[in-house]
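**Q** this is a predicted model, with the sequence first.
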Amino acid sequence: MMRKGLDEIDSFGMGILDNNSEWLGIPKHLLMECAGYSFSMEVIKRYKLKPKDVVFIFCGTGNNGGDGFVIARHLASNGIKPIVFLAGNPEKIRTSEARLNWKILNQGLIYSVKVEIIKDSSEIEKVSFHVESNPNLKLVIDGLLGTGISGKIREPISTIINFINEKLKTQLKLPIACIDIPSGFDPNVGLINDKSVRPDLIITFHRIKSGLKSNREFAKEVIVKPIGIPLEADLFVGRGDVLPTLKKRAIDCHKGQFGKVLIIGGSKDYSGAPAYSSLASIAFGIDLVITFVPDVIGNVLRGYSPNLIVRSSEGNHLNENSLNELIQLVKWADAILMGPGMGTHEETEGLLLKLLEKIRIEKKKCVLDADALKLVKNYLEALKGIELILTPHAGELKIISGIDLPRYDKIDEISEILLDLAKNLNVTLLLKGAYDYISDGEKLKINKTGCPEMSIGGTGDVLSGLCASLLSIGNDPFSSACSAAFINGYAGELCKKNIGERFTSLDLISHVNDAISKIRNYSINFKQ
C-alpha cells in the first residue's frame, strides 16, 4: 500500500498482509518457513552458535510457536541442539501452519530436536532439569505469545515468563531473543498489561511493529527481517483487506442493525441504474434498502423485485419538491448513495447540494456516483467534512478535476495524481477501470479483480451499491471502497467462469453472495 511515511505496521495490518500474500499464491506456511529460517540464521551469526550448543525455544500454541518449531528445525540442521518447550496442549495448536510444523518436529525429528510439553505450571521442573543437564546452554528463544495478547496472562505461560526472566536471564545471564515481539508485550501500543519476557534482542518480521517503535526503551535492539511478503501484498487489494469489512450479525441482531442504505437516483431516461445499486445492496445482505426515484419510474423499479422498497416523488427527474421527505430518509439511513441514473437537470443539482449539506450536518457516510459527480463538479467545496466515496471512471474524473490520466498500468504516475487529488478534495476516490485505484489522500491501493467482460452497463452501479453497503455496516470509506472493488471484480470473474463471456449486471449481482462466501472460505490446500 502506498502511504506517505510508511515504516511501521500493527498486528491488524500484518494479518491483512498474510491473507493478501495467500491470495497471491504464497501459502502462509511458506511465510512461516521464511520467518523461522531468517531468525535462525541471525541468531547463529549473532551468538556464534556452534554444533552441540544448546538452545531453549519456548513455544505457545499460536503462530509465534509455529515460528519456533521452524527455528528448531533450522538450528538442528546446523548441528545445534534445540530443546522445544511447548506451553499448552498440542491439540490446541491453533493454525494449520503451526500444526504442520509441530507434526514435523513431534513425529519426524525425534533425534535432532528434543520436545517437552508443559501443560501446567507444576511442570516447570522439566525446564529446570534441562538447565542442570545442559552446561552448553547458550541462548533462550521466546515464542510463547504473539500479537493477540490481552489481559492477564494465563498459566502455564505466566510461570514460564517468570522463569525466563528470573532464572535464565537474571541468574544465569543467558541472552533472550524474542520471535517477532516479546511475549506479553502489546505490539500495537507498546504497553505491558500484565508481564512480559524481558528481551536482549527482538527479531521482528517484515516491518517494525508500532509498539516496538513507540517504546524504544523496552525494545533496546530490534532487527527487522523480510519473510517473503511481496510488495504486491501491500499495494493490491486482497482477501486480507476484505475479510475485516465483512462484519457478522450479532446473535441477538434485529432488523435494521445490519445496515440501512438510502439510494437516491433515477430519472425518466434511466430506471436500471438505481435498481442495480439497490439490488446489489440487497444481495450483499443489508437489512433495509430504500430507493428514492422520480415517480415516472417508481412502478418500473417496483416491478424489478419484491425485495425493493421504493419511494418516489412527482416528476420526470428529482427536484427540491422532495427535499423534506429525503431529509427524513437521510436521518434514517446509515449510508447514502446518490447519482445512479439521476440525470443532470438544474433542479436536481439544487437538490443534491442541499442534501450534501444535510448529510454533513447529520454526519452520515455517503457515496457519489455517475451523474452526481457531474452535478457537483463546480461545487467541490460542498464535499468537505463528509465521510465520502467518489466513484468516477477516467472520463468522470476529468470532468471533476480536468486531469487526463495516463494508461491504467502506469501505476506510479496515476498513484501520485490520485493521492494528491484525494487529499485536496478530502475524500476517498475509487477510480474505476482495468485497474481500480483507491486513495484517501494518505493511502493508496489498487484492485485487480475483474475482467474485460464487465465493461457493460450497470457494473458501476453494482459497485456503488456495494460501497454504500460496506459503509452502512460500520466500515470507513477507504476500506469500504477497497472491499467493494474487490468483491465486484471477483463476482465478475465468477460470472465469466460460470456463465461465459456474455453476462449482464443482473448476473453480476446474483454472484455477489457466492463471491463473498469464496473470499471468506478461501485457502491454499497443502498436505499436512
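**A** Good, I have the coordinates.

**Q** ok, then the element right after the least confident helix or strand in the chain by mean pLDDT?
**A** When each helix and strand of the chain is scored by mean pLDDT, DSSP states H and E, strand 2-3 comes last, with a mean of 56. Using DSSP states H and E, the helix or strand that directly follows strand 2-3 along the chain is strand 8-9.

**Q** if you count contacts, what does that next one end up packed against?
**A** Where contact means 3 or more CB pairs under 8 Å, 6 or more residues apart in numbering; DSSP states H and E, strand 8-9 is packed against strand 208-209, helix 210-214. All C-beta spots, glycine's among them, are computed from the backbone N, C-alpha and C.

**Q** lowest-confidence stretch among the ones you listed?
**A** Lowest mean pLDDT within those: helix 210-214, at a mean of 82.

**Q** how about the helices in the stretch 201-350 of the chain?
**A** 210-214, 231-235, 239-242, 272-284, 298-304, 323-332, 346-362 (DSSP state H, counting those that start in this stretch).

**Q** name the stretch among those helices that sits most buried.
**A** Most buried of the helices of the stretch 201-350 of the chain, by mean neighbour count (mean count of other CB atoms under 10 Å): helix 272-284, with a mean of 28.

**Q** which secondary structure elements does that helix contact?
**A** strand 260-264, strand 288-294, helix 298-304, helix 459-472, helix 505-510, helix 512-521.

**Q** tell me the average confidence for the longest helix along the chain?
**A** For the chain, the helix that runs over the most residues, judged by DSSP state H, is helix 477-498. In this model, helix 477-498 carries a mean pLDDT of 98.

**Q** next: stretch 249-260.
**A** For stretch 249-260, the per-residue pLDDT averages 89.

**Q** give me the contact list for it.
**A** 247, 281, 285-290, 332-335, 469, 472-473 (CB atoms under 8 Å, 6 or more residues apart in numbering).

**Q** pull out the buried members of the residues you listed.
**A** For these, a burial check counting by 16 or more other CB atoms under 10 Å picks out 281, 285-290, 333-335, 469, 472-473.

**Q** and stretch 374-382, what's buried?
**A** Neighbour-count burial for stretch 374-382 [16+ other CB under 10 Å]: 374, 375, 376, 382.

**Q** my guess is residue 200 contacts residue 221. True?
**A** Yes: between residue 200 and residue 221 a contact is recorded at 7.0 Å, counting by CB atoms under 8 Å.

**Q** so for those two, which sits in the more crowded spot?
**A** Neighbours of residue 200 and residue 221, each counted by other CB atoms under 10 Å, are more numerous for residue 200; the result is 16 against 11.

**Q** okay, that one: pLDDT?
**A** 94.

**Q** OK, contacts around it?
**A** Contacts of residue 200 (CB under 8 Å, 6+ apart): 169, 175, 176, 177, 220, 221.

**Q** how much space between it and residue 70?
**A** 21 Å (CB to CB, to the nearest Å).

**Q** what is the longest helix of the chain packed up against?
**A** helix 239-242, strand 387-390, strand 428-431, strand 436-439, strand 443-447, helix 459-472, helix 505-510, helix 512-521.

**Q** any chance of the ones you listed in a markdown table with distance to residue 294 and mean pLDDT as columns?
**A** As requested, those are exported to a markdown table (distance: least, CB to CB, whole Å; pLDDT from 0 to 100):
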| stretch | distance to residue 294 | mean pLDDT |
| --- | --- | --- |
| helix 239-242 | 35 | 97 |
| strand 387-390 | 23 | 98 |
| strand 428-431 | 27 | 98 |
| strand 436-439 | 30 | 98 |
| strand 443-447 | 33 | 98 |
| helix 459-472 | 17 | 98 |
| helix 505-510 | 21 | 98 |
| helix 512-521 | 27 | 96 |
